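**Q** Here is a sequence with its predicted model. Questions after.
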Amino acid sequence: MKNRKQAYHIETEKGLINDPNGLSYFKGKYYVFFQWNPNATDHSYKVWGKTTSQDLIHWSEPVIALQASEAYDKDGTYSGSAVSDGETLSLYYTGNVKVNGVRYPEQCLAQSEDGIHFKKYGSVLSLPDDYTGHFRDPKVTKEDVWKMIIGGQNKKTGKGDIIQYTSIDGTSFKFNKIIGISKQYEMIECPDLFSYDSYKEFHGIIHTSSVEIFANNGEFVYSARLDPQAEDLLLASSKESQNINVYRLEI
């Protein structure tokens with residue numbers, strides 16, 4: 001039988017993989033983490049897998065980076081992100097706990113100084129009262145302050161929000177503001193946060209059905225949609241704005 005292993009795509013020997021997490025560059029290597037059920041081809045259990053590369057072409061054999069080993073993540077280490085300061089690689093992820101079918105998520109932190117051994121530090125953000133157990137997938141960035149955005153299902157509206165939290169040290173986060181609201185869908189998963197100097201740079205680079213963009217002060221400035229008949233992203237702008245923070249709603 002011919003070897004059907006992928007030549008360029010990241011692949012594991014067994015199980016199911018999804019959701020790339022924590023794409024980062026740390027101490028001379030590119031890191032890709034991902035959701036992985038090594039035991040079955042379903043979503044019943046999740047750990048963080050890891051593979052590294054020095055050239056983005058040749059990748060190391062995938063290994064488990066974060067096991068579902070603690071009380072706060074015993075039912076799965078769900079999606080998140082990574083931040084490198086050059087000396088420490090910090091992984092932020094959702095620890096999933098289920099009791100009688102009810103979710104009790106915690107947003108958790110694990111760190112490594114060598115990219116191999118990760119020490120877990122537990123929860124940095126617990127489930128707020130205003131949200132259901134569908135509260136997950138922290139994207140964390142560090143600039144003047146630490147920022148975390150996360151998708152959550154609002155109890156009052158029954159729809160998805162993107163909520164921003166801030167921290168001075170990356171270990172304890174406080175509510176800052178709601179920066180995205182879905183008027184149609186029950187949940188927003190895996191929100192992303194990045195910055196561009198000008199809205200013009202968005203043209204043709206975001207491939208999702210709908211995009212909402214908010215300025216630094218949270219004021220809505222753009223909406224966008226992808227024309228199914230064209231490859232370009234169509235932008236409908238309400239005003240000019242520079243130094244835009246982009247919050248992508250994959251809906």
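**A** Right, received. Where do you want to start?

**Q** Burial check on the closest residue to Ser112 other than its chain neighbours, number of neighbours?
**A** Spatial nearest neighbour of Ser112, excluding adjacent residues (C-beta to C-beta, 6 or more residues apart in numbering): Phe118 at 4.5 Å. In short, each C-beta sits where N, CA and C put it, glycine included. By other C-beta atoms under 10 Å, the residues close to Phe118 number 20.

**Q** For Ser126, see how far away Phe118 is.
**A** 21 Å (C-beta to C-beta, to the nearest Å).

**Q** Please apply the same query to Gln35.
**A** Going from Gln35 to Ser126 by C-beta to C-beta gives 22 Å.

**Q** Between these two, tell me which one has more neighbours.
**A** The neighbour count for Gln35 versus Ser126, taken as other C-beta under 10 Å, is higher for Gln35 (21 against 13).

**Q** Tell me who's in contact with that one.
**A** Residues near Gln35 by C-beta atoms under 8 Å, 6 or more residues apart in numbering: 17-19, 21, 46-49, 78-79.

**Q** just checking, it is part of a strand?
**A** Yes - assessed with DSSP: H, G, I helix; E, B strand; the rest coil, Gln35 lies in a strand.

**Q** Can you tell me, leaving aside adjacent residues, what's nearest to it?
**A** Asp19 (4.1 Å).

**Q** Where does the one you found sit, in terms of helix or strand?
**A** Using DSSP states H and E, Asp19 sits within strand 16-26.

**Q** Could you pull up the mean pLDDT of that strand?
**A** Average pLDDT, strand 16-26: 95.

**Q** now for the one helix or strand Thr51 maps to, which elements pack on it?
**A** Assigned by DSSP H and E, Thr51 belongs to strand 47-53. On a contact count with 3 or more C-beta pairs under 8 Å, 6 or more residues apart in numbering; DSSP states H and E, strand 47-53 meets strand 16-26, strand 29-37, strand 63-66.

**Q** Check which residues of the shortest one are buried.
**A** The neighbour-count criterion (16 or more other C-beta atoms under 10 Å) identifies 65-66 as the buried residues of strand 63-66.

**Q** returning to what we had before: can you add distance to Tyr185 and give the helices and strands packed on strand 47-53 back as JSON lines?
**A** Shown next, in JSON lines, are the helices and strands packed on strand 47-53 (distance: least, C-beta to C-beta, whole Å):
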{"stretch": "strand 16-26", "distance to Tyr185": "18"}
{"stretch": "strand 29-37", "distance to Tyr185": "21"}
{"stretch": "strand 63-66", "distance to Tyr185": "28"}
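
**Q** I'd like to know which of these lies nearest to Ile181.
**A** Of all these, it is strand 16-26 that lies closest to Ile181, at 23.1 Å by C-beta to C-beta.

**Q** Contacts for that closest one next, please.
**A** Taking C-beta under 8 Å, 6+ apart as the rule, strand 16-26 contacts 10-11, 30-37, 40-43, 48-49, 79-84, 86, 89, 91, 93, 115, 190.

**Q** Show me how far it is from its chain's centre.
**A** A distance of 9 Å separates the centroid of the chain from that of strand 16-26, by C-alpha atoms, centre = their mean, to the nearest Å.

**Q** Just want the angle from that strand to strand 29-37.
**A** 160 degrees (axes from the mean of the first three to the mean of the last three C-alpha atoms, to 10 degrees).

**Q** are any of the contacts of strand 16-26 buried, and which?
**A** Buried among these (16+ other C-beta under 10 Å): 31-37, 48-49, 79-84, 89, 91, 93, 115, 190.

**Q** gap between the nearest residue to Tyr45 once chain neighbours are set aside and Ile64?
**A** Counting by C-beta to C-beta, 6+ apart, Tyr45 lies nearest to Asn37, which is 5.1 Å off, once chain neighbours are set aside. As judged by C-beta to C-beta, Asn37 and Ile64 stand 11 Å apart.
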